[in-house]
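1. need a structure here:
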Amino acid sequence: MLELSSSPDFVVFNTRDFATANRVSVSSASRRLERLSRRDALTQVTRGVWANTAHPHFHPLACVTYLLGKEQGYVSFLTALSLHGVLSQIPRSYLIATTGRPRVLDSPVARFEFLRIKPELMSDGVDWSDTHQPYLVASAEKALLDTLYIATRRNRRFASLPELDLENNFRRREFERLLKDLPYPLRIRSAISSRWHVLRDG
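-> Here you go, the predicted model:
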């Protein structure tokens, strides 16, 4: 059986990965992982997803790929803005753009909030993080665009925003390129553009 504490491949993983690596059935792997969890040697993030939180390379955002499963998605909104240094506040939840249903996961490692974005709006402005356990993350410009897009929805999420630093680590021309190139409906593009002009000139 693999030694989890030292294995670089088992920082965050699912039951099937563990079963394959150890050449055991999924049910057998699940029982083994549950025993480790009961001994606090491992944390069950959610059903079928596990984290070795004692590993030096562990970070809650490393869980995102596994939590998305077959959905498209990436770290975005205020979380990505904070990661890029555009927002000084640290959001209470990790905010994830997804093609799946909106939902909240309160897990033992963090609170994850999934907000729905149409697949065609995910084609630009997203790349892999430069971390030991990589995850997809929006650029600062795409993260702000996603945030303003959600603000046009009926629930008015992000109707007010914390103070943003748009002078450092933020490319205004890139934001405007993304706004122009991504296939937003005219009404949505107009609403985002109006909000952007207030932020840009404020």
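2. Quick check: nearest residue in space to the residue positioned nearest the centre of the chain, chain neighbours excluded?
-> Compute the mean C-alpha point of the chain, and by C-alpha atoms, centre = their mean the closest residue is V75, 2.6 Å away. Once flanking residues are discounted, V75 sits nearest to V137: 4.3 Å by C-beta to C-beta, 6 or more residues apart in numbering. All C-beta spots, glycine's among them, are computed from the backbone N, C-alpha and C.
3. in a strand, that's where that neighbour is, yeah?
-> Yes: judged by DSSP: H, G, I helix; E, B strand; the rest coil, V137 forms part of a strand.
4. Hmm, the residue nearest to the centre of the chain is touching L136, no?
-> Yes: with contact defined as C-beta atoms under 8 Å, V75 counts as touching L136 (6.8 Å).
5. anything in contact with each of the two?
-> Shared contacts of V75 and L136 (C-beta atoms under 8 Å, 6 or more residues apart in numbering): 64, 129.
6. coming back round to it: can you tell me which residues contact the residue nearest to V75?
-> Listed by C-beta under 8 Å, 6+ apart, the contact set of V137 reads 61, 74-76, 80, 83, 126-129.
7. Which pLDDT does the model give the residue lying closest to W128 once chain neighbours are set aside?
-> Nearest non-adjacent residue to W128, counting by C-beta to C-beta, 6+ apart: P134, 4.6 Å away. Note on P134: pLDDT of 93.
8. what's the closest of the contacts of V137 to R200?
-> R200 has its nearest neighbour among the contacts of V137 in A80, at 18.8 Å by C-beta to C-beta.
9. nearest spatial neighbour of that closest one, skipping sequence neighbours?
-> Per C-beta to C-beta, 6+ apart, closest to A80 is A143, 3.6 Å.
10. and that neighbour, what does it touch?
-> Residues in contact with A143 (C-beta under 8 Å, 6+ apart) are 76-81, 84, 86.
11. could you redo the last one with a cut-off of 6 Å?
-> Counting by C-beta atoms under 6 Å, 6 or more residues apart in numbering, A143 touches 76-77, 80-81.
12. gap between it and L186?
-> According to C-beta to C-beta, to the nearest Å, A143 and L186 sit 23 Å apart.
13. Ok, R92 next?
-> With C-beta to C-beta as the criterion, R92 and L186 are 34 Å apart.
14. Check L68 too.
-> According to C-beta to C-beta, L68 and L186 sit 30 Å apart.
15. Tell me which of those two has more neighbours.
-> More crowded of L68 and L186, by other C-beta atoms under 10 Å: L68, with 20 against 7.
16. count of residues packed around the closest residue to the more buried one other than its chain neighbours?
-> Spatial nearest neighbour of L68, excluding adjacent residues (C-beta to C-beta, 6+ apart): T98 at 6.2 Å. Residues within reach of T98, counting by other C-beta under 10 Å, total 23.
17. going forward can the numbers begin at 688, since that is how I track them
-> Happy to do that; since the first residue is 688 now, the last one works out to T785.
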